[in-house]
Every structure is written in structure tokens, then in C-alpha cells.
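> The amino acid sequence is not available; the structure is as follows:
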């Protein structure tokens with residue numbers, strides 16, 4: 001298969017560019033199924049999350065259709081959205097979650113040292129709101145965002161509050177929204193809510209290590225939820241499910 005290893009820069013866009021070129025050349029014809037994420041990752045020498053980000057970008061463009069439980073198929077060429085220009089580069093969902101895991105883990109650690117009763121009350125208010133809404137939906141995203149911003153607010157640093165809010169708002173980009181469409185549901189929301197409560201409890205207990213670990217675990221599990229198989233590989237006993245990073 002005429003695939004080339006890619007360099008370690010803007011990886012998911014490079015992968016998407018290669019696959020798009022192969023589709024346009026007829027190497028992958030309309031209606032045909034692409035190789036599995038695992039096979040593509042091995043041939044391209046990149047991680048599976050990078051491949052997933054590339055496939056999601058191609059689906060947003062209308063180049064492929066993801067069928068959960070079956071695989072990824074080349075779509076009809078009608079009504080294709082053009083690739084985003086380089087000046088409009090969008091970070092991949094897994095890249096964003098890894099950045100948040102690093103940054104917000106450190107913020108939660110410090111929050112556990114300095115949080116006041118008023119800070120905990122604001123965190124509790126966001127948790128109470130999260131417990132009453134349906135997910136997925138706009139309301140759940142508003143209250144989820146409020147929780148993470150409230151944790152950052154414990155540090156009384158407007159820059160960190162803004163950065164945390166802006167990173168969370170990247171969930172609204174088309175790639176993140178498309179990925180969430182496949183894997184977010186009431187069950188995943190309940191799991192995330194329990195993870196949020198663990199973060200809150202560690203901050204309220206003024207346990208910095210536990211708060212850092214709880215936040216990082218939450219965002220790592222978010223990555224794992226988005227890295228579940230679409231289903232094409234589950235039928236093969238020789239496929240071993242890889243842990244996302």
C-alpha cells in the first residue's frame with residue numbers, strides 16, 4: 001500500500017492529507033472500506049489517536065463515513081467540504097485533552113492548597129447542575145465548563161481561568177463535536193460526573209496529590225472513552241485493543 005511514514009509535526013493533518021490523496025487517486029474507491037485504525041497506525045508509524053483524529057477530519061469534510069460496528073468507508077464525492085486551510089489549523093481532540101490533563105492537573109493540585117469555602121461552594125453548584133441535565137446537550141457542556149473554570153478560579157488568577165475556559169471551548173470545534181457524537185452518552189456522562197466528584201472531594205480535603213491525580217485520571221479517561229473501537233476490529237480475535245495515550 002502506497003503509504004509513507006510521516007514526520008512528527010501536525011501529524012493528524014499529514015495523515016489526513018495522505019488518505020485524502022489516495023481517495024482522490026482512486027486507490028480507495030467510493031464504498032470501499034479503509035484499513036483499520038490499527039493497520040493504518042502501524043503503516044504510518046503514528047499513534048492510533050492520531051489516525052482517529054485524521055479520520056474524523058476526513059469525515060467532517062465528507063470524504064469518509066464512519067459506521068460504528070463496521071468500519072470506515074469512502075463516501076460519495078458529492079457535496080464535499082474543502083480541507084481547512086493551514087491558517088485555520090484545528091488542534092486534534094486528543095492533543096487538546098492531553099494538554100488539559102497536564103495543565104488542569106497542576107491547577108487542581110494548587111486548588112487543593114488554597115481553596116476557600118466559597119470556592120468549594122462554587123464547585124458544588126456546578127456539580128449539582130451537572131447532575132440534573134441530560135447529556136449530550138448544550139446544558140451539560142455549560143455546566144461541565146463551569147466546573148473546570150471553578151476549579152481554576154480557586155487560584156484567583158484570571159489568566160488561568162481564561163486559558164482553562166478557552167481550552168474547554170475547543171470541544172465546540174467540528175472535529176471534537178464529531179468524535180463526541182460517537183462516544184458520548186448518558187453512561188459516559190455518569191462516569192465523568194463521578195470523576196468530577198472525586199476531584200471536588202480531593203480539593204475540599206486539601207489533598208494536593210489526590211486532586212492532581214483525580215483531575216489527570218478524569219482527563220485520561222476522557223481520552224480512553226474517545227479511543228474506543230468503532231467496531232471494525234472487534235470481530236478479529238487477533239486484534240488487541242490498544243490503550244490511548
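Thanks, I have it. Remember, predicted model here, so these are calculated numbers, not experimental data.

> isn't residue 90 right up against residue 174?
Yes: counting by C-beta atoms under 8 Å, residue 90 does reach residue 174; the two are 7.5 Å apart. Where you see a C-beta, it was placed from the backbone N, CA and C, and this is true even at glycine.

> So between these two, which is more surrounded?
residue 90 (18 against 15; other C-beta atoms under 10 Å).

> Assign the more buried one to helix, strand or coil.
Following DSSP: H, G, I helix; E, B strand; the rest coil, residue 90 is assigned to coil.

> again, but for residue 123
Under three-state DSSP, residue 123 comes out as helix.

> Against residue 65, how distant is it?
Residue 123 is 41 Å from residue 65, where distance means C-beta to C-beta, to the nearest Å.

> Which one's more surrounded, those two?
Remark: of residue 123 and residue 65, residue 123 carries more neighbours, 26 against 15, as counted by other C-beta under 10 Å.

> so what's that one up against?
115, 147, 150-151, 200, 203-204 (C-beta atoms under 8 Å, 6 or more residues apart in numbering).

> can you count the residues close to the closest residue to residue 204 other than its chain neighbours?
Spatially, and ignoring its direct neighbours in sequence, residue 204 is nearest to residue 120 (5.1 Å; C-beta to C-beta, 6 or more residues apart in numbering). Residues lying near residue 120 (other C-beta under 10 Å) number 17.

> mean confidence for the host helix or strand of residue 120?
Per DSSP states H and E: residue 120 is located in helix 117-130. Throughout helix 117-130, pLDDT has a mean value of 97.

> Only the buried residues of that helix, if you could.
119-120, 122-123, 126-127, 129-130 (16 or more other C-beta atoms under 10 Å).

> domain assignment for this structure?
Each domain of the chain is listed here as a residue range: 11-74, 93-227, per the TED database.

> Save those as a markdown table, and put in distance to residue 3 too.
Shown next, in a markdown table, are the domains of the chain (distance: least, C-beta to C-beta, whole Å):
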| stretch | distance to residue 3 |
| --- | --- |
| domain 11-74 | 5 |
| domain 93-227 | 21 |
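
> thinking again about what came up before, next SSE after the helix holding residue 120?
Helix 117-130 is succeeded, C-terminally, by helix 138-153 (DSSP H and E).

> angle of that next one against helix 117-130?
On the basis of axes from the mean of the first three to the mean of the last three C-alpha atoms, to 10 degrees, helix 138-153 is oriented at 160 degrees to helix 117-130.

> So what touches helix 138-153?
Contacts of helix 138-153 (C-beta under 8 Å, 6+ apart): 104, 107-108, 111, 119, 122-123, 125-127, 129-130, 133-134, 160-161, 163-165, 168-169, 171-172, 189, 192, 196, 199, 203, 215.
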